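**Q** what would the 3D arrangement of this be:
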Amino acid sequence: MYLARGSSDDPYVWLWVLGALALYALISYALAYRARARRGSAHPAQDALHDLKDREDPQPPENRFVSRLIMLFGGGLTGLVAYLTSGAVRVLTVGLTAVVAVTVWAYYDHRTETRAAAQR
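**A** Just a heads-up that it's a prediction; the model follows:
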């Protein structure tokens, strides 16, 4: 029966994953909004939302590889921090590590996206 339920010690691991994805979307939106506002858009909030929805062009292979390495390293570092700490310190350090990792990942994707868009 134990194997049927899964072997995770933390039953809220999916909440952490969904939280990281939501944070990535929020940071991506904020970066797109900031870029649109700096360019002088009349409706930066709507334009930023459309920019996020219109990401149909795949990243070049080298940018995609680096993006996935950042994602993997951030996830591994967050897991290592969770393994090495316990109690209230775990929640704080894992949360902080995850926020920093997701921010770096979203910022890299934003910077490579704007460069690719500028070259078109």
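
**Q** and the residue positioned nearest the centre of the chain, what element?
**A** Nearest residue to the geometric centre of the chain (Cα atoms, centre = their mean): Y24, 3.2 Å. Per DSSP states H and E, Y24 falls inside helix 13-38.

**Q** give me the phi and psi for T78.
**A** Backbone geometry at T78, expressed as degrees, to the nearest 10, gives phi -60, psi -40.

**Q** hmm, back to that, looks like the residue nearest to the centre of the chain contacts V102 (just checking).
**A** Yes: between Y24 and V102 there is a contact at 5.2 Å, judged by Cβ atoms under 8 Å. (C-beta placed from N, C-alpha, C; glycine too.)

**Q** quick one: the helices in the chain?
**A** Listed in chain order, the helices of the chain (DSSP state H) span 2-5, 13-38, 44-53, 61-84, 87-119.

**Q** I'd like the ones you listed written out as TSV, with mean pLDDT added.
**A** Listed next are those as TSV, based on pLDDT from 0 to 100:
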stretch	mean pLDDT
helix 2-5	48
helix 13-38	83
helix 44-53	81
helix 61-84	88
helix 87-119	83
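
**Q** count the residues that sit near the residue nearest to A32 when sequence neighbours are not counted.
**A** Spatial nearest neighbour of A32, excluding adjacent residues (Cβ to Cβ, 6 or more residues apart in numbering): A48 at 3.8 Å. A48 has 21 neighbouring residues, counting by other Cβ atoms under 10 Å.

**Q** can you give me the buried ones in stretch 14-27?
**A** 16, 20, 23-24, 27 (16 or more other Cβ atoms under 10 Å).

**Q** nearest to V91, of these?
**A** W16 (10.4 Å; Cβ to Cβ).

**Q** so the closest one sits against A98, correct?
**A** Yes: assessed by Cβ under 8 Å, W16 is found in contact with A98 at 7.1 Å.
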